[in-house]
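Peer 1: quick check, what structure comes out for this input:
(4 chains)
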2 protein chains.
Amino acid sequence: MTHPAPSRRHAIAEDLRNQISTGHLKPGERLPSEAQLATRYEVSTPTLRNALALLQSEGLVEKIHGSGNFIRHPLRRFTYVGGGNTPAVQPAPDGALSVTVSTTNLRAQGHLAALLKVTPSSPLTEFLHLRHEGKTPHSLARVYIPRDLAPAADAAASLSSPRPSLAEVQEKVSARLPTPEEATALRISQSLAVLAITRVVTDINGRVVEAALLVLPGDRADALFTARHTPEEGNSNE
Amino acid sequence: MTHPAPSRRHAIAEDLRNQISTGHLKPGERLPSEAQLATRYEVSTPTLRNALALLQSEGLVEKIHGSGNFIRHPLRRFTYVGGGNTPAVQPAPDGALSVTVSTTNLRAQGHLAALLKVTPSSPLTEFLHLRHEGKTPHSLARVYIPRDLAPAADAAASLSSPRPSLAEVQEKVSARLPTPEEATALRISQSLAVLAITRVVTDINGRVVEAALLVLPGDRADALFTARHTPEEGNSNE
DNA sequence: GAGTGGTCTAGACCACGAG
DNA sequence: TCGTGGTCTAGACCACTCA
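Peer 2: So this is what the prediction gives:
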């Protein structure tokens, strides 16, 4: 309990963290190769890679296959804003922010049918979003909408039309490792955890208007939720 | 892009997932030892462990050091409810739910001072919560409150008193690997990602009343956020 | 093609849990 | 004490990036 395993990788991570915060390593800079770092710290390559995995999960280091490990620009963190405004349309920090969308028609199956509260095999439309800023992907979204509510075919501008008063947005966040497909789509390592958000938007009549499965890369994404309280409601903080 | 690396570990994880969903492996059951599984699947122990890490991050498998890998009871998932009601006081599924609290007085430093919007070295009280259900920890929380707002000394029942109308609860969720201390406190592996939530509670006057750093084990915790919309506000879903 | 990270192997040794 | 998982080693080989 007192010193919970010295653990080589954390020692190395600590050392690199210090070098970053003291400015010995600057944002954008490239680290020596993993082989060089391994010999420098006198560890094997797997352990050195584990150390980098720690820094990567904190957003301090970015690994780029084939070219090296880089100190991340600390500001460049993407924030998903919860509460109904889909994938965070934000100030957009000058970098070209683009979205790739593809549309598919399909029929509800077990898990999806339950989420949308529809009977199995009822028709749905799936929107597959891949959000880029420049060439780094920011989020992967699978959005499912009952066919009769889905906008014609052009997806980009259509959903902006006001909907029949949606009443509730519920978002469940969890952390897990990505599937191989998600990892390649988001261009992250398969050992880097993602934020997985399941969003269910409910109508004022209780009908589920949309269900979405969002995946955000854990090294460069946060999810932000804001709740405002009108002073009337009894609030018990433990 | 077509088949993103067959990758042994995902194949093994897939096989075990199927055995779980088809009922060949039942909740509570113990898996063969990692050495046995490794020879069965004809892989080395590290790769087999990587396969189990996948299932662990999905909450399907629980690793217990020294005794084995077990199929998780799928229902047993802990849900943190965001929006102001602190660490999810819930139905409490019969299992004894206990909280360990320790209180410390300290002074604000850089990061903390910024979060609380107080001047550095201004007095704070820290509450360190460790939430158990039975003997499995559910969450680790470090709660910081300006000294003059902190309740006397007894922390357990005190905070229930109505506060001067808090106006906003902001919660930022990210995924990262745990520190060694967090890992031992939550009894999870150091390679399992946690949900890290930074919660800032603001007064109706704009004063920060509380800042909290919450850590939830990624294998058995979700965070749930619900937003209700009064139909008046213009809502643009992209 | 040279250099990089990504995956995997086949072990060794330590730390923990239960009898 | 014995069997378990946790950490680490010292390599091999493949996949990607860039000149």
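Peer 1: ok, residues contacting stretch A:33-46?
Peer 2: With contact meaning CB atoms under 8 Å, 6 or more residues apart in numbering or on different chains, stretch A:33-46 is reached by A:8-9, A:12, A:15, A:31-32, A:47-49, A:51-52, A:68-69. From N, CA and C alone the C-beta is placed, and that goes for glycine too.
Peer 1: let's see which of those residues end up in helices.
Peer 2: Residues of those located in helices (DSSP state H): A:8-9, A:12, A:15, A:47-49, A:51-52.
Peer 1: what's the PyMOL line that selects buried ones from those residues?
Peer 2: Buried residues among those (16 or more other CB atoms under 10 Å in any protein chain shown), as a PyMOL selection:
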select buried, chain A and resi 8+9+12+47+48+49+51+52
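Peer 1: just to revisit the earlier point, and the furthest pair within the contacts of stretch A:33-46?
Peer 2: Farthest pair in the contacts of stretch A:33-46 (CB to CB) is A:R8 and A:G68. Separation: 21.6 Å.
Peer 1: partners of the one helix or strand A:H138 maps to, with directions?
Peer 2: Assigned by DSSP states H and E, A:H138 belongs to strand A:136-146. Partners of strand A:136-146 in the sheet, by DSSP bridges, are strand A:123-133 (antiparallel), strand A:208-217 (antiparallel).
Peer 1: hey, which of those strands is tucked in deepest?
Peer 2: strand A:208-217 (a mean of 23; mean count of other CB atoms under 10 Å in any protein chain shown).
Peer 1: buried residues in the least confident helix or strand in chain A by mean pLDDT?
Peer 2: Lowest by mean pLDDT, DSSP states H and E among the helices and strands of chain A is strand A:97-107, with a mean of 82. Across strand A:97-107, burial judged by 16+ other CB under 10 Å covers A:97, A:99.
Peer 1: now that strand, how far from the chain's geometric center?
Peer 2: Relative to the centre of its chain, strand A:97-107 is centred 17 Å away, using CA atoms, centre = their mean, to the nearest Å.
Peer 1: same question for stretch A:199-217.
Peer 2: 17 Å.
Peer 1: what about it and DNA strand C, any contact?
Peer 2: No. Taking CB under 7 Å from any atom of the strand as the criterion, stretch A:199-217 and DNA strand C are apart, separated by no less than 12.7 Å.
Peer 1: for that stretch, measure first residue to last.
Peer 2: Start to finish, the residues bounding stretch A:199-217 are 17 Å apart (CA to CA, to the nearest Å).
Peer 1: which stretches in chain A count as strands?
Peer 2: Here chain A has its strands, by DSSP state E, at A:61-64, A:68-71, A:78-81, A:97-107, A:123-133, A:136-146, A:166-176, A:194-203, A:208-217, A:221-228.
Peer 1: compare the ones you listed and give me the one nearest DNA strand D.
Peer 2: DNA strand D lies closest, by CB to the nearest atom of the strand, to one member of these: strand A:61-64, at 6.5 Å.
Peer 1: any idea of the mean pLDDT in stretch A:194-203?
Peer 2: Mean pLDDT, computed over stretch A:194-203, is 94.
Peer 1: of all the residues in chain A, which one is nearest DNA strand D?
Peer 2: A:G66 (2.5 Å).
Peer 1: what does the model give that residue for pLDDT?
Peer 2: Confidence score, pLDDT, at A:G66: 91.
Peer 1: just A:H129 next, same as before
Peer 2: 89.
Peer 1: got the contact list for it?
Peer 2: A:87, A:99-101, A:139-143.
Peer 1: as a markdown table, the residues you listed with distance to B:N105 would be great.
Peer 2: Below are these laid out as a markdown table (distance: CB to CB, whole Å):
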| residue | distance to B:N105 |
| --- | --- |
| A:P87 | 42 |
| A:V99 | 49 |
| A:T100 | 53 |
| A:V101 | 53 |
| A:S139 | 42 |
| A:L140 | 45 |
| A:A141 | 45 |
| A:R142 | 48 |
| A:V143 | 48 |
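Peer 1: tell me the one of the residues you listed nearest chain B?
Peer 2: A:P87 (6.9 Å; CB to the nearest CB).
Peer 1: stretch A:195-205 vs chain B: in contact?
Peer 2: Yes. Counting by CB under 8 Å from any CB of the partner chain, chain B has neighbours in stretch A:195-205: A:195, A:201, A:204.
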